[in-house]
Structure formats: C-alpha cells, structure tokens
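Student: Let's see this in three dimensions:
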Amino acid sequence: MAIKFGRPIENPRATRQAASLDLVVRPRRNRRNAWVRRMVRENTLTTDDLIWPLFVVDGSRLRVPVPSMPGVERLSIDEAVRAAEHAARLDIPCIALFPYTDPSLRDEDGSEATNPDNLICRTVRAIKKEVPDIGILCDVALDPYTSHGHDGLLRGEEIVNDETVAVLVEQALVQARAGCDIIAPSDMMDGRVGAIRAALDDDGRSEVVIMAYAAKFASAFYGPFRDAVGSSKTLMGDKRTYQMDPANTDEALREVELDIEEGADMVMVKPGMPYLDVLWRVKDAFALPTFAYQVSGEYAMIMAAANNGWLDGERAMMESLIAFKRAGADGVLSYFALRVAEKLKAAG
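Tutor: Sure, this is the predicted structure:
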C-alpha cells in the first residue's frame, strides 16, 4: 500500500508509478549508502566499550583451550601479560581476570581466595609491572576456590551470608593491594558492597572502583565459564538461593539500588542478551555507569552456530554487541573483545 504523510492512500489500486510519486516519506533514503548510514547511526561501538575477560592458570608458556568456548584459552601468567600488551595496543581499556585454581588448593572455605600470593594476585602484579596503564578488573567470589563450587561458604545445606561477606572483604583487599583497579563482587551476598567499600576506604584504597554484579541471575548460560574456572564438576546443587530468579525485573532494580546506596561506582547486569530489558530499566532508572556481561553461554552459542556455518559469525558478533549499546550499556564484558577491537582497528 502506498503511503502519503504516514497515512494510507485512499485508492489502493493506483498504478505503481502514481503510488511512487505520492510517496513523500522514504526512510530508505537514509539507508542508501554506507556513508549516510554511518552519519545517522544512533549507537556506535568502539574499543572504549570493551572489557576482555581472561582465564589464568598456573605454569609457564601455557595456552590451554577451553573446549566449550572455541577460541578461548586459559593462559599462564606470562601469556596473560602478552595478552594484556596486545589489548593495550588495540586500545581496550580494561581486562577482567578469572582463575583456574588447582584442585589441590580448593577447600570448603575457599581459603586460597584470601592468599595475597594466589594466582590472581600474582597475575595482577605481573601485568601492572609490564602494562601499567591498562585497567584490571578482579572478580570477588569464592566459586573458583571452594571444593563445593559455590560463591559463598556452605554450612550444611545453606550458603551463609554474613560469614561469606567477611571472607569476600579479605579477598577484595588482597586483590586491591596487588594493584587491581576495579573490584567486582559477583557473589550476590547481601551487604557485600558496603562492607567491601568500607574496608577499602579504611585500608587507604578509596580510589579503587567497585563494579557490582548488581543484577546477576541464576542462569543456564554460565556452563562454559564454570568449565573454564574448573567449578562445573565440583558444584553441589545450584545457586538459586543467592542469584536472582530470571523471572524478576522489579527485584533487579531493588538490588541495583541497594548496591548504589552501599557505594558501588558502576553496576552490571549478567547475563547480557537474554536480559536486555533489565539492562534498559537499570540504565533508565539510575543513570549510573552500567555494564553487561556477554556470558560464556552466549559466546559459545554464537561460535557453535558460526563454526557450523549456520550464521555469519562476524556479523552476529558485532550485532550482539551493538544490541547492548542500544539497550543502554556503557560497556560490555565479552570474550569477543579482542576480535572486535582488531576488526574496529582494521576498519580505521
């Protein structure tokens, strides 16, 4: 049907020539050429929007593939330093570190998390020595360190809140003392942001940023990540008593508000693409720097489909990331970050 000033023309049987002459509004004019599409584009993805998660493992000159995440590897500290150098050359502003902890170092209380010479702390010091200007984000949670795979302390069948928070505070302090720039509590215990903020300030580290995993959902999309950090085989039960119900969005806003009141400088929604509505609501409600985590399952699905020839992997990668920007994200943690940065740099 031909359109004139946004309304249907009364005579739908008009000739094609007459109909085309009656068209006043033609949105396709702004799509005709690449230069005009760039000029009217509402959202733009740049390297400034990227945080690159890295998995680290003890050893030297090691790059261990993660089978459920094609293209992702666990890196020894020396390789992680090289990866950080590469990221800095591509203007990626920040990397996020996650450990694969040797099973012999895992125990019921996750005591290795508070060891000032643990794998993460050694990695932070090594990277800061060689690449001082890149930001480093460290995850605060106990699941890579506990023998039961939970983010908190397990007492009987319960994940205890306040005892866990005390351990998380110590974990955050050892990471900050090693040189971490952003402390990112991902555990979803009540009150942990306020406790960490107070401890950092008391320790003379008021400049350390807190990015709270403020709306983290009990999701099926975390499986490959748990393979990467080695907790998938150890996890007892599930995490639904502390991670959020995927059905709730109002609750997400309450969680975010609490973390902001407790001193969070930035907030995160996790997972990413299945929760774009939550991301939008959070950014709209609070206007605080808001990030999304394109989690391992999202990455693995795109890679699996691309590797099977079912979709154009490069286009799907870029489209997925611009979706986060469109929904209001100030940045995205993504395993695609390096590939995206290389693509953006090549495009000039």
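Student: Could you list the low-pLDDT ranges of the stretch 1-150 of the chain?
Tutor: For the stretch 1-150 of the chain, applying pLDDT under 70 flags the ranges 1-21.
Student: which stretches of it form helices?
Tutor: Counting by DSSP state H, counting those that start in this stretch, one finds helices in the stretch 1-150 of the chain at the ranges 16-22, 34-39, 77-89, 119-130.
Student: who touches the longest one?
Tutor: Residues outside helix 77-89 that contact it (Cβ atoms under 8 Å, 6 or more residues apart in numbering): 52, 54, 56, 58, 60-63, 75, 95, 97, 119, 122-123, 126-127, 130-131, 133-134, 337-338, 341. For the C-beta atoms, the positions are set from N, CA and C on the backbone; glycine is no exception.
Student: try the shortest one
Tutor: By Cβ under 8 Å, 6+ apart, the residues outside helix 34-39 that reach it are 29, 30, 31.
Student: of all the residues you listed, which comes closest to residue 320?
Tutor: Each of those was checked against residue 320 using Cβ to Cβ; the closest is residue 31, at 21.1 Å.
Student: Run a quick neighbour tally on that closest one.
Tutor: Residues within reach of residue 31, counting by other Cβ atoms under 10 Å, total 11.
Student: And for the closest residue to it other than its chain neighbours, the neighbour number?
Tutor: Spatial nearest neighbour of residue 31, excluding adjacent residues (Cβ to Cβ, 6 or more residues apart in numbering): residue 37 at 5.9 Å. The tally of other residues near residue 37 (other Cβ under 10 Å) stands at 11.
Student: same question, residue 255
Tutor: What residue 255 shows, counting by other Cβ under 10 Å, is a neighbour count of 21.
Student: Quickly note the distance from it to residue 183.
Tutor: Distance, residue 255 to residue 183, by Cβ to Cβ, to the nearest Å: 18 Å.
Student: ditto for residue 137
Tutor: For residue 137 relative to residue 183 (Cβ to Cβ), the value is 8 Å.
Student: Those two - which one has more neighbours?
Tutor: Ranked by neighbour count (other Cβ under 10 Å), residue 137 and residue 183 place residue 183 first, with 28 against 23.
Student: For the helix or strand containing that one, name the packing helices and strands.
Tutor: Element membership of residue 183 [criterion: DSSP states H and E] is strand 182-185. When contacts are defined as 3 or more Cβ pairs under 8 Å, 6 or more residues apart in numbering; DSSP states H and E, strand 182-185 sits against strand 135-140, helix 161-178, helix 192-202, strand 209-216.
Student: closest to residue 25 out of the ones you listed?
Tutor: Between residue 25 and the helices and strands packed on strand 182-185, the shortest gap by Cβ to Cβ is with strand 209-216, which sits at 39.5 Å.
Student: and the closest one with helix 192-202, angle?
Tutor: Relative orientation of strand 209-216 and helix 192-202, computed by axes from the mean of the first three to the mean of the last three Cα atoms, to 10 degrees: 170 degrees.
Student: rewinding a little: deepest in the core, which of the helices of the stretch 1-150 of the chain is it.
Tutor: Mean neighbour count (mean count of other Cβ atoms under 10 Å) peaks for helix 119-130 among the helices of the stretch 1-150 of the chain, with a mean of 20.
Student: Next, the angle strand 135-140 makes with that helix.
Tutor: When the same axes, to 10 degrees is applied, the directions of helix 119-130 and strand 135-140 differ by 170 degrees.
Student: C-alpha coordinates for helix 119-130, PDB please?
Tutor: The C-alpha trace of helix 119-130 is given here as PDB (Å, rounded to 0.1, in the frame of the first residue of the first chain):
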ATOM      1  CA  LEU A 119      47.300 -16.800  41.100                       C
ATOM      2  CA  ILE A 120      45.100 -13.700  40.600                       C
ATOM      3  CA  CYS A 121      47.300 -11.500  42.800                       C
ATOM      4  CA  ARG A 122      50.500 -12.700  41.000                       C
ATOM      5  CA  THR A 123      48.900 -12.100  37.600                       C
ATOM      6  CA  VAL A 124      47.800  -8.600  38.600                       C
ATOM      7  CA  ARG A 125      51.300  -7.700  39.800                       C
ATOM      8  CA  ALA A 126      52.900  -9.100  36.600                       C
ATOM      9  CA  ILE A 127      50.500  -7.200  34.300                       C
ATOM     10  CA  LYS A 128      50.800  -4.000  36.200                       C
ATOM     11  CA  LYS A 129      54.600  -4.100  36.000                       C
ATOM     12  CA  GLU A 130      54.600  -4.500  32.200                       C
END
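Student: Off-centre distance for it?
Tutor: Centroid separation between helix 119-130 and its chain, computed with Cα atoms, centre = their mean, to the nearest Å, is 21 Å.
Student: contacting residues around that helix?
Tutor: In contact with helix 119-130 (Cβ under 8 Å, 6+ apart) are residues 56-58, 77-78, 80-81, 84-85, 95, 97, 99-101, 115, 134, 136, 138, 174-175, 177-180.
Student: This completes my enquiry, with thanks.
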